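Colleague: coords please:
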Amino acid sequence: MAERMVSVEGRAIPFGRKNIDTDLIIPARWLKTVSRERLGRGAFEAVRTADPGNVFDSPEFADAPILIAGDNFGCGSSREHAAWALLDLGIRAVIAPSFSDIFAGNAFKNGILTVALPAEAVNRLLEVAVSQPIAIDLESQMVTTPFQDRFAFEIDPFRKHCLVEGLDEIGLTLASTDSIARFEADQARYQPWVVRGTGIAG
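Modeller: Residues are numbered from 1 along each chain as shown. You can find the predicted model right below:
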């Protein structure tokens, strides 16, 4: 089971750059591991190396659960390590005008909420995030600020259900064990030639 997500609140890293690809999120040299642990050390490595005063290393945004970025976030290769690196960095939600479909899918499977908002709303949130926290309510599908800004967002109903209930792919399968058992029993009864030799028919 994954961690349930009803809301995400706190400081948001005001990154804002467009066309951030997965290689920038986590460079290829970090892909030698199959572990999800400690990948946060390599997250946005090029940005952190080039700019010692970057937002990712700022004490003000330490443990921030939200990242705000520009258009086309997560483009490039399909590496799932990008989602793992964000999680290890402490990111539970990313707000941007648009996302790569593959990245958005990987993020969802790893319990990261992707919130797509119009560029004007994202620009406003970037301004607020410099000094104030931001709140994302998944149940009401609303992003709010201390200044009474309210930005509604859309999300696939199935993805919303899984995030709110903390259901990953294993959890979804376990939630259907009764249905699976009934199917196997019916198949063993009515189609014994299909299950013969599999151990299902006993």
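Colleague: Strands along the protein, start to end?
Modeller: Listed in chain order, the strands of the chain (DSSP state E) span 7-10, 12-14, 66-68, 93-96, 113-116, 134-137, 142-144, 150-152.
Colleague: can I get these in CSV with mean pLDDT, distance to residue 83 and mean neighbour count?
Modeller: Every C-beta, even on glycine, is put in place using the N, C-alpha and C of the backbone. Output for the strands of the chain, formatted as CSV (pLDDT from 0 to 100; distance: least, Cβ to Cβ, whole Å; neighbours: other Cβ atoms under 10 Å):
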stretch, mean pLDDT, distance to residue 83, mean neighbour count
strand 7-10, 98, 15, 17
strand 12-14, 98, 16, 25
strand 66-68, 98, 12, 27
strand 93-96, 98, 10, 26
strand 113-116, 98, 10, 22
strand 134-137, 98, 17, 20
strand 142-144, 98, 21, 19
strand 150-152, 98, 23, 14
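Colleague: Let me have the ones you listed in TSV, extended by distance to residue 127.
Modeller: Compiled in TSV, the strands of the chain are given as follows (distance: least, Cβ to Cβ, whole Å):
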stretch	distance to residue 127
strand 7-10	17
strand 12-14	8
strand 66-68	10
strand 93-96	13
strand 113-116	17
strand 134-137	11
strand 142-144	14
strand 150-152	13
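Colleague: how about those, which one is nearest residue 56?
Modeller: Ranking the strands of the chain by proximity to residue 56 (Cβ to Cβ) places strand 12-14 first, at 6.7 Å.
Colleague: Spell out which strands sit alongside the closest one in the sheet and which way each one runs.
Modeller: Sheet pairing for strand 12-14, assigned by DSSP bridges, gives strand 66-68 (parallel).
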